[in-house]
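Undergrad: Need coordinates for the below:
(2 chains)
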Amino acid sequence: GGIITQTPKFLIGQEGQKLTLKCQQNFNHDTMYWYRQDSGKGLRLIYYSITENDLQKGDLSEGYDASREKKSSFSLTVTSAQKNEMAVFLCASSISLAGAETLYFGSGTRLTVL
Amino acid sequence: GDSVTQTEGQVALSEEDFLTIHCNYSASGYPALFWYVQYPGEGPQFLFRASRDKEKGSSRGFEATYDKGTTSFHLRKASVQESDSAVYYCALGDRGGSNAKLTFGKGTKLSVKS
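TA: Sure, this is the predicted structure:
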């Protein structure tokens, strides 16, 4: 089995600050994802990557950047944190981008912006 | 676009009660259907999937049957336990396409009291 490790678990930022979230996986999966989870809204895709150095925008990419410098890691940057923003950011991976593959999730980074 | 509608909000049960969480979908093609479960403080975990009409998926005592006629994939368990308390997500995937099109419902929080 493998594991997805997200750091930090909790992130507190100030309005306008640039914040970076990190994700590591040891499944040796090609595809990685960043989702945003808001209460009552389900999971929404921010960015995904099908291989090292590849980046693809999801439905919610505005206000975010991503980076995939190694196959095992995928980072997400909030370019300018919004005041009173609260959400959980989930990293996931899958063997490939094929449409019926299982996603494996990390335990999330909980963001609070003061 | 594709969408998933599941039982809204919270479901509160006692141990040994029967559980049903409704999931209906709308899709232009012939999707794969998933259930994921998220325990407190963790990321979502794959529960099971079904890929064709009348196929039953099951895991850990939970089951759901793909019904193309009623566009449904309702989650059921005959006798819930306190340890089943979690948020359950129904999801719709593009079988012939990309996991980037995976669409999640808004989640249903199950609380089971002993």
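
Undergrad: separation between B:S3 and A:E101?
TA: Spatial separation of B:S3 from A:E101 under the definition CB to CB, to the nearest Å is 21 Å. For the C-beta atoms, the positions are set from N, CA and C on the backbone; glycine is no exception.

Undergrad: Equivalent analysis for B:G61, please.
TA: In this view, B:G61 and A:E101 are 24 Å apart by CB to CB.

Undergrad: In terms of neighbours, single out the busier of those two.
TA: Neighbours were tallied for B:G61 and for A:E101 using other CB atoms under 10 Å in any protein chain shown; the higher tally belongs to A:E101 (20 against 13).

Undergrad: ok, the more buried one touching A:A92?
TA: No: contact criterion CB atoms under 8 Å: A:E101 and A:A92 do not qualify, at 10.6 Å.

Undergrad: What is the burial count for whatever residue of chain A ends up closest to chain B?
TA: Residue of chain A nearest chain B, by CB to the nearest CB: A:F105 (3.1 Å). A:F105 sits with 22 neighbouring residues when counted by other CB under 10 Å.

Undergrad: List the contacts of it.
TA: Taking CB atoms under 8 Å, 6 or more residues apart in numbering or on different chains as the contact definition, A:F105 lies against A:I4, A:L90, A:C91, A:A92, B:G43, B:P44, B:Q45.

Undergrad: mind checking pLDDT for the closest residue to it other than its chain neighbours?
TA: Counting by CB to CB, 6 or more residues apart in numbering or on different chains, B:G43 is the residue found nearest to A:F105 once chain neighbours are left out, at 3.1 Å. Reported pLDDT at B:G43 in the predicted model: 96.

Undergrad: Next: B:A27.
TA: pLDDT, B:A27: 91.

Undergrad: was I right about it contacting A:G99?
TA: No: the criterion here is CB under 8 Å, and B:A27 misses it with A:G99 at 11.4 Å.

Undergrad: Around chain B, which positions in chain A sit nearby?
TA: Taking CB under 8 Å from any CB of the partner chain as the criterion, the neighbours of chain B within chain A are A:4, A:31, A:33, A:40-43, A:45, A:48, A:56, A:58, A:90, A:92, A:94, A:96-108.

Undergrad: The residue in chain B that chain A sits nearest to: what secondary structure?
TA: In chain B, the residue found nearest to chain A is B:G43; the distance is 3.1 Å by CB to the nearest CB. B:G43 falls in the coil class when you classify it by DSSP: H, G, I helix; E, B strand; the rest coil.
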